[in-house]
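Enquirer: Give me the fold of what follows.
(2 chains)
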Amino acid sequence: MTTFLQLLFAGVSLGAVYALVALGFTVVYRASRVINFAQGGLLALGAFFTSWLVLSAGLPFWAAFLIGATTTSFVGWAFQTFVLRWALGRPEFTIVMLTLGLFTILNSVIPTMFGNNPRSNGDTWGSRALHSGGVAFFWVQIWTIVAAIAVLLAYGAFTRFTRYGLAMRSAASDPEAALAVGIPLRRVYATAWLLAGLVACVGGVFVGGYPNSVSPAISDAALLAFPAIILGGLDSPTGAIVGGFLIGIVQELTQGYQPQHVSFLGNNFYIIAPYVVMILVLLVRPYGLFGSRPAERL
Amino acid sequence: MTGTFSTGVPVADLEVAPPPGAGGARPADTRTLPPGWGRPARLAVIVIGGLTVPFWAGDYWLSTFGFVLIAAIGALGLDVLTGRTGQISLGHAFFLAAGAYVGGWLGGNEHLTAAISIPLAGVAAGLLGLLTGPAALRLRGLYLGIVTIGLVYIGQYTVQTWTAFSGGSGGRSLPDPKFGSLNFANGFSIGSHLFDRNACYYYLAFLLLVLAMLYVHNIGRSRLGRDMTAVRDRELAAAVLGVNVARTKVRAFVISSALAGISGALYGSFIGFVNPQTWSLVLSIEYVIMIVVGGMGSLWGPLLGSVFVIGLPSLLQRVSGSLPFLSNGNNQGVISPTDAADIAFGVLLIVFLLLEPRGVMGLVHRIRAAAVKRSSGRPVPGINTGGSE
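Expert: You can find the predicted model right below:
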């Protein structure tokens, strides 16, 4: 039972990370119907830069985190402002490939700037933990969950109660109609990318928390959030959260139990368990658990 | 200006044939060749030029050219799926890997001749494509792209876990192809000229690429090719017109992955040693960059794209000694040649998508159209000059 609780808590914390990362995708998708394949790169950039500021430049963690988040927000904003705006109205494929281009660039710039070696994420919690009933609650995991809930609530409030949130939703549902009623599409998209960059940095720092570290493979963690958003359905933020926690828990439980009980699948099956779950779900529900099939006009 | 078209640069384009009855001749060609001979002449120049490469290219560049041709086979496959049928796939590395390991296992563990093992590698990858197809039918656009990312990770994990077959995460060596008494590791000689390992691979890849291009060219002119175009341009409309969308997509998947399998078998044995990291998502992305930069849906685009994607890192590696910002064995530069090439790929992907979505082939069309217009003073039928969407 203790093992189960330990795994469950680790799963919830991992799920919080996935939910954070998934939110980064959802922000952009909900505003502009674009899947941002560069999110993993932004995430790694945030994590590496924050870590570098703490460990090499000697800044306190919170200051480093703020600077890192500002930087990734700026990169997201700049990509929309200087690149994507020229592709407005182009086919989905073109825009997705553009974000893949940014990913390719970031994927090489980051190791060039910060090296290939894994490093600590520079947070203040390290491996300290709170012990209760035989279960170790690592502080970084607790803070991950807190941060995820805070960010998700803030985003929910933003889309629901602010003018820009409303503008984003209308831009996503019909860009032309949104333009016609005076919504500044470019500024709305730029805001969405700025938020995506911000969320990416938060996600990146927590992905790299104990017992993990910040390494170039960290952008893979962002790709592992794909199963989460797909499970939830791309256009549903609630879905992204549910999908995130679900995938996190599935992954941790697989890691804990599968090697003893279903050993023929190998020792590290948990790495791909999210993808397997995703493919199985998509075969039954092609638009995710909460997504809706779009109506198409001939 | 006429010389630009009849010699040198591989710009011949089989896709844009002048409509019958339009006179058949392009003004630019009539000055040097009789009407209708421009295209065969260009093709002959390219083929003969290609066949002579092993005689003048040094070791380094010959092996680079070999890799270019091998990758072009795989890129041609991806283009059938993405460029011609409109299905986004980031899972090409999975099928390349399948081909490499099946080819290596048949050649190395079962000691079969390459005349059997390479085609079987294509068949095996094609069968995997057939298995993936039904999943692809249910998914559209971006969903398919994401699922194929999952395929790459599942493939890498399978390779890591199934150690008897693949050598696990330590990797395994893949044998050189053998055709009867001809072993690629030793090469062969005709008269006094020795064709070494690189030359063997080059010629085999050349032959297979020519066959693959003929095949894909013929598909493009067949019913299947028109079905693919219809599915790409508007899936629902295609279905309404009576195109069997499901069958078309599955066929595209099978053709694409079979070509990837053949390419993978050659690639794996040419580099000689592979491990799970060889088949990462980055490899898939490189193939996507090849077809986008080369020009999607065109016959020569994948080859041009692979010249660029495979050639650039080799070039940077070669000049890294004289460019101080590139690191190599001796000096510590700012950036490794591979990373520099990757950054260039990303930038060029973005630049091409924004400015010329039809890739290098689009540039070729533009240059040709401009030259023809200048020499004849009128637009030429069959050559599209606009930036089409």
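
Enquirer: from here on, contacts and neighbour counts on C-alpha atoms
Expert: Noted.

Enquirer: List the buried residues in stretch B:36-55.
Expert: By neighbour count with 16 or more other CA atoms under 10 Å in any protein chain shown, stretch B:36-55 contains the buried residues B:38-39, B:41-43, B:45-46, B:53-54.

Enquirer: Averaged pLDDT, that stretch. What do you get?
Expert: Across stretch B:36-55, pLDDT averages out at 84.

Enquirer: Neighbours of the residue in the stretch 51-200 of chain B that chain A sits nearest to, how many?
Expert: Using CA to the nearest CA, the closest approach of the stretch 51-200 of chain B to chain A is made by B:G150 at 5.3 Å. Here the count is done by other CA atoms under 10 Å in any protein chain shown, and B:G150 has 27 residues near it.

Enquirer: what about it, distance to B:P134?
Expert: From B:G150 over to B:P134 the distance is 16 Å, taken as CA to CA, to the nearest Å.

Enquirer: Going along the chain, name the strands of the stretch 251-389 of chain B.
Expert: B:273-274 (DSSP state E, counting those that start in this stretch).

Enquirer: how about low-confidence regions in it?
Expert: B:324, B:328-333, B:377-389 (pLDDT under 70).

Enquirer: Quick check: residues of the stretch 1-150 of chain A near chain B?
Expert: Contact residues (CA under 8 Å from any CA of the partner chain) of the stretch 1-150 of chain A with chain B: A:35, A:83, A:86-87, A:90, A:93-94, A:97-98, A:100-106, A:108-109, A:112.

Enquirer: can you tell me which residues contact the nearest residue to B:P177 once chain neighbours are set aside?
Expert: Leaving aside its sequence neighbours, B:P177 sits nearest to B:A114 (CA to CA, 6 or more residues apart in numbering or on different chains; 5.1 Å). Going by CA atoms under 8 Å, 6 or more residues apart in numbering or on different chains, B:A114 touches B:107, B:177-179.

Enquirer: May I see the buried residues of stretch B:366-380?
Expert: For stretch B:366-380, by 16+ other CA under 10 Å, it's B:366, B:368-369, B:371-372, B:380.

Enquirer: The residues you listed into JSON lines, with extra columns for distance to B:L353?
Expert: Conversion of those to JSON lines gives the following (distance: CA to CA, whole Å):
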{"residue": "B:R366", "distance to B:L353": "16"}
{"residue": "B:R368", "distance to B:L353": "21"}
{"residue": "B:A369", "distance to B:L353": "21"}
{"residue": "B:A371", "distance to B:L353": "24"}
{"residue": "B:V372", "distance to B:L353": "26"}
{"residue": "B:V380", "distance to B:L353": "26"}
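
Enquirer: quick one: which of these is nearest chain A?
Expert: B:R366 (20.4 Å).

Enquirer: From B:I219, how far out is the closest one?
Expert: Counting by CA to CA, the gap from B:R366 to B:I219 is 25 Å.

Enquirer: what does A:R128 give?
Expert: 63 Å.

Enquirer: Which one of the contacts of B:A114 sits in the busiest neighbourhood?
Expert: B:P177 leads these on contacts (other CA under 10 Å) with 28 neighbours.

Enquirer: Let me know whether it touches B:R197 as I believe.
Expert: No: B:P177 is not in contact with B:R197 according to CA atoms under 8 Å; the separation is 10.1 Å.

Enquirer: and for those two, which residues touch both?
Expert: Going by CA under 8 Å, 6+ apart, residues that sit against B:P177 and also against B:R197 are B:184-185.

Enquirer: Please identify which helix or strand holds the closest residue in space to A:V21 that isn't next to it in sequence.
Expert: In space, and not counting its chain neighbours, A:V21 is closest to A:G203: 5.5 Å by CA to CA, 6+ apart. Under the criterion of DSSP states H and E, A:G203 resides in helix A:185-207.

Enquirer: now do B:A237
Expert: helix B:235-240.

Enquirer: which stretch of helix or strand covers A:L100?
Expert: helix A:92-114.

Enquirer: Can you list the helices and strands that that helix packs against?
Expert: Here helix A:92-114 touches helix A:39-55, helix B:337-355, going by 3 or more CA pairs under 8 Å, 6 or more residues apart in numbering or on different chains; DSSP states H and E.

Enquirer: Spatially nearest residue to B:G155 (excluding sequence neighbours)?
Expert: Per CA to CA, 6+ apart, closest to B:G155 is B:F94, 5.6 Å.

Enquirer: can I assume that neighbour is in contact with B:I149?
Expert: No: using CA under 8 Å, B:F94 is not in contact with B:I149; the gap is 9.2 Å.

Enquirer: more crowded one of those two?
Expert: B:F94 (31 against 25).

Enquirer: got the contact list for the more buried one?
Expert: Neighbours of B:F94 in contact, by CA under 8 Å, 6+ apart: B:151-152, B:155-156, B:279.

Enquirer: The closest residue to A:M168 other than its chain neighbours and A:P175, how far apart?
Expert: Spatially, and ignoring its direct neighbours in sequence, A:M168 is nearest to A:A31 (4.8 Å; CA to CA, 6+ apart). Here the criterion is CA to CA. By it, A:A31 lies 9 Å from A:P175.

Enquirer: what about those two, which has more around it?
Expert: Set A:A31 next to A:P175 and count neighbours by other CA under 10 Å: A:A31 wins out with 26 against 18.

Enquirer: show me the contacts for the more buried one.
Expert: Contacts of A:A31 (CA under 8 Å, 6+ apart): A:168-172, A:188-189, A:192.
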